[in-house]
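# Predicted model follows, preceded by the sequence.
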Amino acid sequence: MQMNDEVSNRLSSSLEDLNARIVRLAIGLGISLDDRASVEKLMQQSQVPHVEHERRAPRSVGESRFSGPSGDRRVAHQREELRGLLVLRYQMETDSLKDNGLDATRQILANAEEHLVRRGFKPGADGLGLDEFLNAP
């Protein structure tokens, strides 16, 4: 099935933005996305527990009403966001393969990575080995 240029550009742009956020989170968390073991370890971690009741207490007069999240909690939420974005990206790529075929998907992914490099990210920083992904069994 052939894609028109507008759909292709929109999907490429969406993947580029998604990959940029993925890379920023991974850099901030110190996770190497080009290391399969690191990604598998990230994906195997348990989810952040849900907070049923707000536990933040008001500060003293004149200060912000609530304290910010703890560093550990913020990192846990960033890890959870990274995990979710990786799943979303893989789903978008899989759907593109089904809907648009290998050649169109390969071009879309290559365009998204090329734009990331132009924005200053190193090639492959998003952890997506195009050859590995597109040649997987």
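Alright, I've got the coordinates.
# how many neighbours does residue 98 have?
Neighbourhood size, residue 98 [other Cβ atoms under 10 Å]: 10. Quick note: C-beta positions are derived from backbone N, CA and C, even for glycine.
# let me fix that: residue 112
A count of nearby residues for residue 112, using other Cβ under 10 Å, gives 24.
# OK, contacts around residue 12?
108, 111, 112, 115 (Cβ atoms under 8 Å, 6 or more residues apart in numbering).
# counting contacts, what elements does the helix or strand encompassing residue 114 pack onto?
Here residue 114, judged by DSSP states H and E, is contained in helix 71-118. Helix 71-118 sits against helix 5-29, helix 36-44, helix 130-134, with contacts defined as 3 or more Cβ pairs under 8 Å, 6 or more residues apart in numbering; DSSP states H and E.
# Residue 113: neighbour count?
21.
# So which helix or strand of this protein has the lowest pLDDT on average?
Least confident helix or strand, the chain: helix 130-134 with a mean of 57, by mean pLDDT, DSSP states H and E.
# Leaving aside the residues adjacent along the chain, what's closest to residue 115?
residue 16 (4.7 Å; Cβ to Cβ, 6 or more residues apart in numbering).
# wait, that neighbour sits on residue 116?
Yes: here residue 16 reaches residue 116: they are 6.0 Å apart, a contact under Cβ atoms under 8 Å.
# Appreciated, that's everything.
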